[in-house]
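Engineer: Have a look at this fold, sequence not included:
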């Protein structure tokens, strides 16, 4: 898996099968889970997509394009330590996940589609690098 890709287990399996046609789906799933337990990968839930695996281990958020489904890493906002102001009493935070949704620049530049070629009404615009 190349850095900055967010592949589902089935997508990983399809790529591995290109080099190892006999490998089973169960073997890939088992090894992905093992890599997550070992801290070599993280698993992320990005909206309606299946669970994806991420090789970027430092804290970061995600931006998901609602048009093409592209996923991009976004630097995490660490202001305030990243913790909510109020937690349920007795809770222990073990991680966090922030996913931003919108329309990516390439999709906005396309002449087809409602609201994609220009500014999306009512949405905050920013350039994330």
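Structural biologist: Arrived safely. Small disclaimer: the values here were computed from a predicted structure and weren't measured.
Engineer: from here on, contacts and neighbour counts on C-alpha atoms
Structural biologist: OK.
Engineer: how about low-confidence regions in this structure?
Structural biologist: Along the chain, segments meeting pLDDT under 70 span 1-4, 47-49, 78-85, 112-129.
Engineer: Tell me which stretches of it form strands.
Structural biologist: Along the chain, counting by DSSP state E, strands occupy 6-8, 42-44, 52-54, 60-65, 71-75, 99-102.
Engineer: want to throw those into CSV with mean neighbour count?
Structural biologist: Output for the strands of the chain, formatted as CSV (neighbours: other Cα atoms under 10 Å):
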stretch, mean neighbour count
strand 6-8, 22
strand 42-44, 18
strand 52-54, 21
strand 60-65, 18
strand 71-75, 18
strand 99-102, 16
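Engineer: Identify whichever of these lies nearest to residue 29.
Structural biologist: With Cα to Cα as the criterion, residue 29 lies closest to strand 6-8 of those, at 9.9 Å.
Engineer: And that closest one, what does it pack against?
Structural biologist: Other elements packing on strand 6-8 under the criterion 3 or more Cα pairs under 8 Å, 6 or more residues apart in numbering; DSSP states H and E are strand 52-54.
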